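# return atomic coordinates for the entry below.
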Amino acid sequence: MVNLGILAVILVVYIGIVSYLTYLGSQQTKNVEDYAVAGRRMSGWIMALSYASTFISTSAIVGFGGAAGVFGFTLLWLALLNSFVGIFIAFVFMGDPIRRMANNLGSHTLAAMLGERYQSKFITWFIGLMIFLLMPAYSGVVLVGGARFMQEALQINYQLALVVLAVIVALYVSWGGLKGVMYADAFMCGMMLLGMVLLLFKTYSIVGGVLAGHQALTNMANLVPENLAKGGHLGWTAMPKWGSPIWWTVISTIVMGVGIGVLAQPQLTLRFLTVPSRQALNRAVLAGGISLFFFTGTAFMVGPLTNVYFFQTTGKVAIAAAGGNIDLIIPTFINSVMPTAYIYLFMITLLSAALTTVLGLIHVQSVAFSQDLLATWGVKSNPMILAKVGVYVGTLGAVVMAFILPPSIIARATAFWFGICAAGILPTLLGAVFWRRVTKAAAVASVASGYGVSIFGFVFLHASEAVPFGISKLLFGKPTLLPFPWTHVDPLFYSILVSTAVLIIVSFLTKPLPEEHLAKCFRGFGKRGTPAAEQVSA
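The predicted structure is shown next:
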């Protein structure tokens, strides 16, 4: 039984440390550049810990951990992509070009950098608008994950937990800017790492060790619920049947949607703009890689093994023991097997996971609101005041989404946001930093087609969203326009192909950007270091 007095003391100490770190950031936040990109002087290891902790939220620990409890070890492919694509590819190959180009153009956001690169105000405000309108769905599910655990651990009202988390987020982001957010991220990353390592070792000890636990899970293949078995589920230690509905859901939506979409996440690419050199990015790879491995790997290994524990103790598989709500599998498991002392630690772990990600998301929304939207539209006011207004509006949007989203939504909503970013932004972003020939018209067409086709797929083709939306049913008399497999193929698969093809074809059919502008964009590319002169001129 959790002692609320002890927990209150722990939370006061925790909030005190986070508040002090945010205060340090606020003292160093003197202008818009400090607020938006931490003055471009952040150390590599702080950036890496902030990146990893922002990447891995309660959606990964609670939502995807729960999804792993349903689908099994197949989700470890996502952990591999997260580490290889999200850290190695992102830091080593994409981080420095994005950082250099943003410096050359004086940009504070991803949308602004792309708009300046292609000399298009439309790209800036349109991407900013997509961030401001669609990101609350992702922010909302992160709040859901943290609130669900608080609900289970403290036995408090779910709505109350949501409001408490939201108030904390709004206060910290508006107070400390990105510097305060990243300092707090680094501390909370350490808390998350400790909590996840202990959870991994404790789980394997409960199920009898690695070999015994995996064998027990393999032997439970005949216990897969009937509806999952009909969908292609072959057991928690086996891949789903090739081409089955569950195969398409796991591979196209969860693994590929999140694994590829990470490269186009505004709140993550923004971290590249905060460091002063390529060397800082290279030094960040190890710290980020280790953190991300334990964050994602733990969630995706513990999730399937909860089936062993619940079956041995209750005679039910995990999803049944959690009352049919995927989002409650991990919280229920933690509260069932862990000693009270660990409940306190995991409360801090999940609170850290929720705060680090939502802090990053709300910060990005505030900058998108103040700079990508209002400044681009010609609204003239104090940018710091507008940014703080954006914080409160973004937080309100996240809370509203958290209240109205249905159960078992965390993993799906996360994959939706990652996938739609990949379709709308990734081809244009890669073209911006790696291909000088991309034209303004091509970039505009690619962004519009990527978002357009992706949204069309979610509304009219992909059953998980099209059926609840009901728009296809209303307009055409059927829940989806096309039959299986299109009902289960994530829109990322075809929307990113369309946006990439549009980028390439239109680039060859239209006039290139002026050479003097391209020279400015690509100044310093190919150099191993970051000369002082470049930093000053940028």
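# could you use CA atoms for every contact and neighbour count after this?
Fine.
# run through the stretch 51-200 of the chain and note the low-pLDDT ranges.
Low-confidence segments of the stretch 51-200 of the chain (pLDDT under 70): 57-60, 149, 152-154, 174-176.
# got a list of contacts for stretch 188-208?
Stretch 188-208 has contacts (CA atoms under 8 Å, 6 or more residues apart in numbering) with 49-50, 52-53, 210, 213, 291, 294-295, 298-299, 301-302, 305, 308-309, 345-346, 348-350, 352-353, 356.
# out of the residues you listed, name the ones that lie in helices.
49-50, 52-53, 210, 213, 291, 294-295, 298-299, 301-302, 305, 308-309, 345-346, 348-350, 352-353, 356 (DSSP state H).
# for residue 484, what is the enclosing helix or strand?
Following DSSP states H and E, one finds residue 484 outside all helices and strands.
# so what does it look like in phi/psi?
For residue 484, the backbone dihedrals (degrees, to the nearest 10) come out as phi -60, psi 140.
# and if you look at residue 219?
phi -70, psi -10.
# tell me the centre residue of the chain?
The structure's the chain has its C-alpha centroid closest to residue 55; by CA atoms, centre = their mean the separation is 4.9 Å.
# for it, which non-adjacent residue is spatially closest?
residue 357 (6.6 Å; CA to CA, 6 or more residues apart in numbering).
# you'd agree that neighbour is up against residue 50?
No. Counting by CA atoms under 8 Å, residue 357 stays clear of residue 50, with 9.1 Å between them.
# okay, those two: which has more neighbours?
In terms of neighbours (other CA atoms under 10 Å), residue 357 is the more surrounded of residue 357 and residue 50; the figures are 30 against 27.
# show me what contacts that one?
53-57, 139, 142.
# returning to that earlier point: quick check on the ones in helices among the contacts of stretch 188-208: which are buried?
49-50, 52-53, 213, 291, 294-295, 298-299, 301-302, 305, 308-309, 345-346, 348-350, 352-353, 356 (16 or more other CA atoms under 10 Å).
# quick one, grab the pLDDT at the residue nearest to residue 55.
Note for residue 357: predicted pLDDT of 79.
# what's the distance between it and residue 277?
Distance from residue 357 to residue 277, counting by CA to CA, to the nearest Å: 24 Å.
# do you know how far the residue nearest to residue 348 when sequence neighbours are not counted is from residue 235?
Excluding its sequence neighbours, the residue lying closest to residue 348 (CA to CA, 6+ apart) is residue 191, at 7.1 Å. Residue 191 sits 33 Å away from residue 235, taking CA to CA as the criterion.
# and residue 473, by the same measure?
The spacing between residue 473 and residue 235, counted by CA to CA, is 34 Å.
# more neighbours: which of those two?
Each of residue 473 and residue 235 has its neighbours counted (other CA under 10 Å); residue 235 has more, 26 against 16.
# what sits against the residue nearest to the more buried one when sequence neighbours are not counted?
Setting aside the residues directly before and after it, residue 235 is nearest to residue 221 in space (CA to CA, 6+ apart), at 4.3 Å. With contacts defined as CA under 8 Å, 6+ apart, residue 221 is in contact with 234-236.
# now tabulate those in JSON lines and tack on pLDDT, distance to residue 496 and secondary structure.
Below are the contacts of residue 221 laid out as JSON lines (pLDDT from 0 to 100; distance: CA to CA, whole Å; DSSP: H, G, I helix; E, B strand; the rest coil):
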{"residue": "234", "pLDDT": "96", "distance to residue 496": "30", "secondary structure": "coil"}
{"residue": "235", "pLDDT": "96", "distance to residue 496": "31", "secondary structure": "coil"}
{"residue": "236", "pLDDT": "97", "distance to residue 496": "30", "secondary structure": "coil"}
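# which one of these sits closest to residue 18?
Within those, the smallest distance to residue 18 is 38.8 Å, found for residue 236 (CA to CA).
# that closest one contacts residue 304, correct?
Yes. Residue 236 is within contact range of residue 304, at 6.4 Å (criterion: CA under 8 Å).
# tell me, what's touching those two both at once?
70-73, 217.
# which SS class is residue 478?
Per DSSP: H, G, I helix; E, B strand; the rest coil, the secondary structure class of residue 478 is coil.
# nearest spatial neighbour of it, skipping sequence neighbours?
Per CA to CA, 6+ apart, closest to residue 478 is residue 472, 6.2 Å.
# how many residues are close by that neighbour?
Other residues close to residue 472 by other CA under 10 Å number 18.
# over to the one 4 residues further on?
By other CA under 10 Å, the residues close to residue 476 number 11.
# now do the helices in the stretch 301-450 of the chain.
With DSSP state H, counting those that start in this stretch as the criterion, the stretch 301-450 of the chain has helices at 318-321, 329-337, 340-367, 383-404, 410-434, 440-460.
# so which of those helices comes closest to residue 110?
Closest to residue 110 of the helices of the stretch 301-450 of the chain, according to CA to CA: helix 410-434, at 8.8 Å.
# where in the stretch 301-450 of the chain is pLDDT low?
Applying pLDDT under 70 to the stretch 301-450 of the chain picks out residues 407-411.
# now do the contacts for the nearest residue to residue 121 once chain neighbours are set aside.
Spatial nearest neighbour of residue 121, chain neighbours left out: residue 115 (5.6 Å); criterion: CA to CA, 6+ apart. By CA under 8 Å, 6+ apart, residue 115 lies in contact with 121-124.
# name the element residue 115 belongs to?
Assigned by DSSP H and E, residue 115 belongs to helix 110-117.
# how far is that helix from where the chain is centred?
Here helix 110-117 is found 21 Å from its chain centre; the criterion is CA atoms, centre = their mean, to the nearest Å.
# between whichever helix or strand comes after it and helix 110-117, how many degrees?
Next along the chain after helix 110-117, taking DSSP H and E as the criterion, comes helix 121-154. Compare the direction of helix 121-154 with that of helix 110-117 by axes from the mean of the first three to the mean of the last three CA atoms, to 10 degrees and you get 170 degrees.
# distance of the nearest residue to residue 107 once chain neighbours are set aside from residue 425?
In space, and not counting its chain neighbours, residue 107 is closest to residue 113: 5.2 Å by CA to CA, 6+ apart. The gap separating residue 113 from residue 425 is 12 Å, by CA to CA.
# so for these two, which residue has more residues nearby?
residue 425 (29 against 25).
# that one contacts residue 445, doesn't it?
No. Between residue 425 and residue 445 there is no contact under CA under 8 Å: 11.3 Å.
# next, residue 156: secondary structure please.
coil.
# mind listing what residue 61 touches?
For residue 61, the contacting residues are 295-296, 299, 330, 350, by CA under 8 Å, 6+ apart.
# if I pick residue 51, what's in contact with it?
268, 271, 288.
# can you do 7 Å?
268, 271 (CA atoms under 7 Å, 6 or more residues apart in numbering).
# if I look at it, how far off is residue 214?
Counting by CA to CA, the gap from residue 51 to residue 214 is 32 Å.
# what of residue 242?
In terms of CA to CA, residue 242 sits 22 Å off from residue 214.
# higher neighbour count, the two?
Ranked by neighbour count (other CA under 10 Å), residue 242 and residue 214 place residue 214 first, with 21 against 11.
# next up, the contacts around that one.
Under the criterion of CA under 7 Å, 6+ apart, residue 214 has no neighbours.
# mind running it again at 10 Å?
73, 204, 207-208, 220, 236-237, 301, 304-305, 308 (CA atoms under 10 Å, 6 or more residues apart in numbering).
# what strand or helix carries the closest residue to residue 446 other than its chain neighbours?
Taking CA to CA, 6+ apart, and ignoring the residues beside it in sequence, residue 446 has residue 499 as its nearest neighbour in space, at 4.5 Å. Secondary structure from DSSP H and E places residue 499 in helix 492-509.
# distance between that helix and the chain's centre?
In terms of CA atoms, centre = their mean, the centre of helix 492-509 is found 24 Å from the chain centre.
# how about stretch 438-446?
Counting by CA atoms, centre = their mean, stretch 438-446 is centred 26 Å from the centre of its parent chain.
# what number of residues lie near the residue lying closest to residue 366 once chain neighbours are set aside?
Using CA to CA, 6+ apart and skipping the chain neighbours, the partner closest in space to residue 366 is residue 390 (4.0 Å). Residue 390 has 24 neighbours, counted by other CA under 10 Å.
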